[in-house]
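[1] have a look; sequence and predicted model below, questions after that.
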Amino acid sequence: MMRGAHSRLEWMAGILAIWILCVACYAAFSVNSSLKRAEGELNETGFLLHRMISQRVAQHDAHLTTLVSLVLAAEDGQSQPLTQVGESIMRFYPRITAINELEITWREPSASAEARRILSIPADARVPDDRSLAAAVFMQKAGEGKSYVDASSSAGYLLTKKVRDSNPAPALVLQIDPKRLVDIDELPDWVFLQLQLDGRVVMERPAGEKASGWLAPLRFSRMIDSQSQPLLLTVERRVSLADLVDVATLAMVAAASLGGIALFGYSLRHRREARLLQAAAERAEQRSILLAREARLAHAARVNSLGELASGIAHELAQPLTALMSQSRAAERLLEQSGMDNPLLKKTMAANVREARRAGDMLKRMRDYISNRPPKPVAVEINKIVGDTVDLMHADLEQRGIALDLSLAGNLPVLMADPVELEQVLNNLIRNAAESLVEAGIEQGRVTIATMLEGDRVRIDIRDNGPGIKEALLPRLFEPFFTTKPDGMGLGLALCSTLVERVGGQIEARNELDGGACFTVRLTVASEEASR
Ligand code: ADP
């Protein structure tokens, strides 16, 4: 009971472990593919933004170059409508929020710069009056664009260009609103966007979605392709647990896998139990075969010891009986010689002799019955014995569909043997051959009996075209009680060898080269005298 409950618990724990593993594997797979998808989307958006911003900042450089050439042209006396061009640029590109033309003067020995406004678009535009900015722009190479974070305002960054290397030097400053570099409303909700210039954030757009904070956000980060405006673009995406695993699908997978695994486990368990039951049944069957064999052995031993006991008693009784008989006969003779006429005494003595003889006869019959009766060899023709045996068995073999071949040598010498015992030997060997053919299901079964002269012996072969005998079993065949048949006694061959050997013959078994078993009996030829 306890073991059964224990193994059921183990079984359930096993199923649970496999199920958890399956669900975990699915969850890991789902997380991995969702992450890959999110990463793909992030990179796609990142590259798109990068290309767009790079193109737009390049336009700033182009506008600045146009404006510089207008300033230079004005100095050459050609009156150019800088204000007009500037205004139309700002109208088409609203992210350029102001255009300033400055004159920067470098003062020695204080080594400082001063900026003076020449022109502003719009007219009320704030002029960056930071002296360090004026000095930095003065230090720029003429015609080279450079960007600065506008420290005095949060309205973006400044793109500057010195028009000419002179003191004072004219310079142009564009004020750019980076928020308008991107069409923010068209960005997906999850996008967190940031632009930095010289390590300072000039624009930030937070993500719309609220995502769980314990997962590190996925990040795309790249410098904008521009010499004059080296902006660092960063796009981030936060992923929530719900993004990574679809709970409904996970629940379905969990339910389906639990069902599948339980079914599989159940069928495995069922099969294992069936195997165990079968093994137990086989063991029980073997045990019962063993027990039956033991019982037969015990019976044989009992019969044997009973026989020995009886033969001992018979032997012991024989002597006193013989003495009784001879004494009674002697008494009879004495009575006759003495001339005494005592009919009662004579009758008693005669009865003694008669009863003693009767007891002796009874003892002899009993000893014959229980003892190993010695054979009564007579001169026999082996071919005739074979013929008689085959006549008896022919019908039975035919019924089992087994053909019988005889190959009997002519003019064989006469043997000294007990014909009944010899028939018994042949009968056993032919029956065994037939049984092996039937058991193996051989379709064209055949038993061949051959007789021949071999030196001074007559040889009899009984062979079949059955499965033969396993090599390992050959040495044990003639042991009493050795059998491979479920209902065999294992006494047939043991008896054969006893009967053959006690008339001086031999019996052996082997496998034929082309399969099948062959039993050979060799018997001694009778002397000339005996055969007459
Ligand atoms: P039993 O026939 O009761 O088994 P035997 O002493 O006659 O007892 O035979 C002992 C065993 O020898 C058989 O169980 C069988 O395995 C084997 N045997 C005997 N004759 C043949 C044969 N012609 N072919 C194959 N096996 C044989």
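    Great, that's in hand. Here the structure is a predicted model, which means the values were calculated and not measured.
[2] now do the helix or strand containing Glu316: which elements does it pack against?
    Assessed by DSSP states H and E, Glu316 sits inside helix 247-338. Here helix 247-338 touches helix 2-75, helix 343-370, going by 3 or more C-beta pairs under 8 Å, 6 or more residues apart in numbering; DSSP states H and E. Glycine gets a C-beta too; all of them are placed from N, C-alpha and C.
[3] who's in contact with Leu437?
    Contact partners of Leu437, counting by C-beta atoms under 8 Å, 6 or more residues apart in numbering, are Arg400, Ile402, Gly445, Arg446, Val447, Asp464, Asn465, Gly466.
[4] before we move on, back to that, ok, which of the helices and strands packed on helix 247-338 comes nearest Ala318?
    When these are compared by C-beta to C-beta, helix 343-370 sits nearest Ala318, at 5.9 Å.
[5] biggest strand in this protein, by residue count?
    Using DSSP state E to define each element, the chain has its longest strand at strand 96-107.
[6] now do the helix holding Glu316 against helix 2-75, angle only.
    160 degrees (axes from the mean of the first three to the mean of the last three C-alpha atoms, to 10 degrees).
[7] compare the helices and strands packed on helix 247-338 and give me the one nearest Gly410.
    Gly410 lies closest, by C-beta to C-beta, to one member of these: helix 343-370, at 38.0 Å.
[8] after the closest one comes which helix or strand?
    Using DSSP H and E, the helix or strand that follows helix 343-370 in sequence is strand 378-380.
[9] show me what that following strand is packed against.
    Contacting strand 378-380 under the criterion 3+ C-beta pairs under 8 Å, 6+ apart are the following elements: strand 415-417, helix 419-439.
[10] buried deepest among these, which one?
    Of all these, strand 415-417 has the most neighbours on average by mean count of other C-beta atoms under 10 Å, namely a mean of 23.
[11] can you pull out the low-pLDDT segments for the chain?
    Residue ranges of the chain with pLDDT under 70: 1-4, 76-80, 129, 151-155, 209-214, 295-308, 310-311, 358, 361-375, 527-532.
[12] now do the contacts for Thr105.
    Neighbours of Thr105 in contact, by C-beta under 8 Å, 6+ apart: Ala113, Glu114, Arg116, Asn167, Pro168.
[13] please name the bridge partners of it.
    Bridge pairing for Thr105 (DSSP bridges) gives the partners Glu114.
[14] what residues are up against the residue in the stretch 101-250 of the chain that the ligand sits nearest to?
    Of the stretch 101-250 of the chain, the residue with the smallest distance to the ligand, taken as C-beta to the nearest ligand atom, is Leu250 at 63.8 Å. Residues near Leu250 by C-beta under 8 Å, 6+ apart: Val23, Tyr26, Ala27, Ser30.
[15] could I get those residues as CSV with distance to Ala440 and neighbour count?
    Shown next, in CSV, are the contacts of Leu250 (distance: C-beta to C-beta, whole Å; neighbours: other C-beta atoms under 10 Å):
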residue, distance to Ala440, neighbour count
Val23, 55, 17
Tyr26, 55, 16
Ala27, 59, 15
Ser30, 61, 16
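[16] re the thing from before, show me how to select, in PyMOL, the buried members of the contacts of Thr105.
    Of those, the buried ones can be selected in PyMOL as follows, counting by 16 or more other C-beta atoms under 10 Å:
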select buried, resi 113+114+168
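[17] residues in contact with Ala216?
    Not one residue lies near Ala216 by C-beta under 8 Å, 6+ apart.
[18] in stretch 28-40, what counts as buried?
    Judged by neighbour count (16+ other C-beta under 10 Å), stretch 28-40 contains these buried residues: Ser30, Val31, Ser34, Ala38.
[19] any chance of these in a markdown table, with distance to the ligand too?
    Shown next, in a markdown table, are the buried residues of stretch 28-40 (distance: C-beta to the nearest ligand atom, whole Å):
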| residue | distance to the ligand |
| --- | --- |
| Ser30 | 64 |
| Val31 | 67 |
| Ser34 | 70 |
| Ala38 | 75 |
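[20] quick one: which of those is nearest to Val390?
    Of the buried residues of stretch 28-40, the one sitting nearest to Val390 (C-beta to C-beta) turns out to be Ser30, at 82.6 Å.
[21] need the contact list for that closest one.
    When contacts are counted by C-beta under 8 Å, 6+ apart, Ser30 touches Leu244, Val245, Asp246, Thr249, Leu250.
[22] thinking again about what came up before, can you point out the buried residues in the longest strand of the chain?
    Going by neighbour count (16+ other C-beta under 10 Å), the buried part of strand 96-107 is Ile96, Thr97, Ala98, Ile99, Asn100, Glu101, Leu102, Glu103, Ile104, Trp106.
[23] surely the second one touches Ile176?
    Same thing as Thr97. Yes: in this structure Thr97 lies within contact range of Ile176 using C-beta atoms under 8 Å: 7.0 Å.
[24] common neighbours of these two, please.
    With C-beta under 8 Å, 6+ apart, Thr97 and Ile176 have common neighbours Gly156.
[25] picking that back up, got the buried residues of stretch 28-40 as CSV, with distance to Glu316 columns?
    Shown next, in CSV, are these (distance: C-beta to C-beta, whole Å):
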residue, distance to Glu316
Ser30, 98
Val31, 100
Ser34, 104
Ala38, 110
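[26] closest one of the contacts of Leu437 to Leu181?
    Gly466 (98.6 Å).
[27] and the angle from the longest strand of the chain to helix 2-75?
    Interaxial angle of strand 96-107 relative to helix 2-75 (the same axes, to 10 degrees): 60 degrees.
[28] no more questions from me, cheers.
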